[in-house]
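Student: The sequence isn't on hand, but the structure is:
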């Protein structure tokens, strides 16, 4: 858009003729102002939609990590923390939570119970013979 007013000119001289009203004189400036407002509104909507999409992706990743952390809090220490791809902060947080969960998990599984033997987690008094079972 041009900012120069479109005024009629005198024939032969090229001198502009003054408009009859102030509204006619300011019409080009008003058109330019409306064009700027339209572009501003359009760009604001586009940026809002793009921001909404990126925020939704980030929240979805954090929700999956939060759901796994809730399962762990409820006692499921075998729950796997997802490793979503994304920003460095989310990757770092998932790695730290995964390491924490790995430290909580037992390193060796308990030995299976054999028939005639008390369960392996039974506490025996000191000095008692583990082979002697009193039923």
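Tutor: Okay, I see it. The structure displayed is predicted, hence computed values, not measured ones.

Student: any idea where the strands of this protein begin and end?
Tutor: Counting by DSSP state E, the chain forms no strands at all.

Student: what residue ranges in it score low on pLDDT?
Tutor: Applying pLDDT under 70 to the chain picks out residues 1-10, 14, 19, 84, 86, 106-135.

Student: so what secondary structure elements neighbour the longest helix along it?
Tutor: The single longest helix within the chain, with elements called by DSSP state H, is helix 22-73. Counting by 3 or more CB pairs under 8 Å, 6 or more residues apart in numbering; DSSP states H and E, the packing neighbours recorded for helix 22-73 are helix 88-104. For glycine as for every other residue, the C-beta is placed from the backbone atoms N, C-alpha and C.

Student: if we look at the helix it packs on, which residues are touching it?
Tutor: 58, 61-62, 65, 68-69, 72, 77, 79, 81-85 (CB atoms under 8 Å, 6 or more residues apart in numbering).

Student: just the buried members of those residues?
Tutor: Among these, those buried by neighbour count (16 or more other CB atoms under 10 Å) are 61, 65, 68, 72, 79, 81, 84.

Student: thought the third one was touching residue 83?
Tutor: This points to residue 68. No: using CB atoms under 8 Å, residue 68 is not in contact with residue 83, being 10.4 Å away.
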